[in-house]
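S.K.: one predicted model, sequence on top.
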Amino acid sequence: KKLKSGVKLTKQPPFFDHPGYISALFESAKAYLEKEFDYLLFSYHGVPERHCKKTDPTGEHCFKVDNCCEVPSPAHLTCYRHQVFRSTEEFVKLANIPKEKYSVAFQSRLGMDAWLQPATAEEVLRLAENGVKKLLVMCPAFVSDCLETLEEIGIGVKQSFLDAGGEEFTMIPCMNDHPEWVAQLAEWCEVESPVEK
């Protein structure tokens, strides 16, 4: 459809490692991180591997090079998987979480395609089997809570973890309307569409 005259459409550039996003993510999770926990699982929305391959401008990097997300490449500018790892890296650096206390997994798989791994539902079982009792889970790919966070993670994955021997499962809410996140969004809007005074 054609936009009505005078309507300006802008697109926010990727913000996966933007300091304002990382800071807002940290501030929204800080109260949960201050409590005792064994492990933090970052559960990002999954996508089929073919999506990452399709966005690789070189056609020769994503899932073709060993440790492709760690080996520098122009593909990183458009690779969701690489960006997920960068978000996590920046967050744990700010939160001072040691490498042995966190991991990344992917949720919301559908269909028969190969999806990004590991799957969140399988990762929580592995963690429980390895003795993790108090698990924190956050879903940074979602800026607002929805069925995929509240039901899939907060109910379904939680029950799987508890059934597998875990004792405490805490889903850290998404940023939602956290003041620092709202301020960051407002700043981006002002840059893109300044309000005339």
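M.R.: Yes, it's here. Numbering: from 1, shown residues only.
S.K.: in this protein, which spans are strands?
M.R.: In the chain, the segments counted as strands under DSSP state E are 39-45, 102-107, 134-138, 168-171.
S.K.: where along the protein do the helices fall?
M.R.: 19-33, 49-54, 80-95, 120-129, 147, 158-163, 179-192 (DSSP state H).
S.K.: between those, which one is nearest to V71?
M.R.: helix 80-95 (9.8 Å; Cβ to Cβ). Placement of C-beta: from N, CA and C, glycine included.
S.K.: report the inter-axis angle for the closest one versus helix 19-33.
M.R.: 60 degrees (axes from the mean of the first three to the mean of the last three Cα atoms, to 10 degrees).
S.K.: flag every buried residue along helix 80-95.
M.R.: Of the residues in helix 80-95, Y80, R81, H82, Q83, V84, F85, R86, S87, T88, E90, F91, V92 count as buried by neighbour count, 16 or more other Cβ atoms under 10 Å.
S.K.: kindly report the same for stretch 104-118.
M.R.: Neighbour count says stretch 104-118 has V104, A105, F106, Q107, S108, R109, W115, L116 buried, by 16+ other Cβ under 10 Å.
S.K.: what does it contact?
M.R.: Contacts with stretch 104-118, where a contact means Cβ atoms under 8 Å, 6 or more residues apart in numbering, come from 41-50, 52, 81, 84-85, 88, 103, 119-124, 126, 139, 148, 152-153, 157.
S.K.: which helices and strands does the least confident helix or strand in the chain by mean pLDDT pack with?
M.R.: Lowest on mean pLDDT, DSSP states H and E among the helices and strands of the chain sits helix 179-192, with a mean of 93. Packing partners of helix 179-192 (3 or more Cβ pairs under 8 Å, 6 or more residues apart in numbering; DSSP states H and E): helix 19-33.
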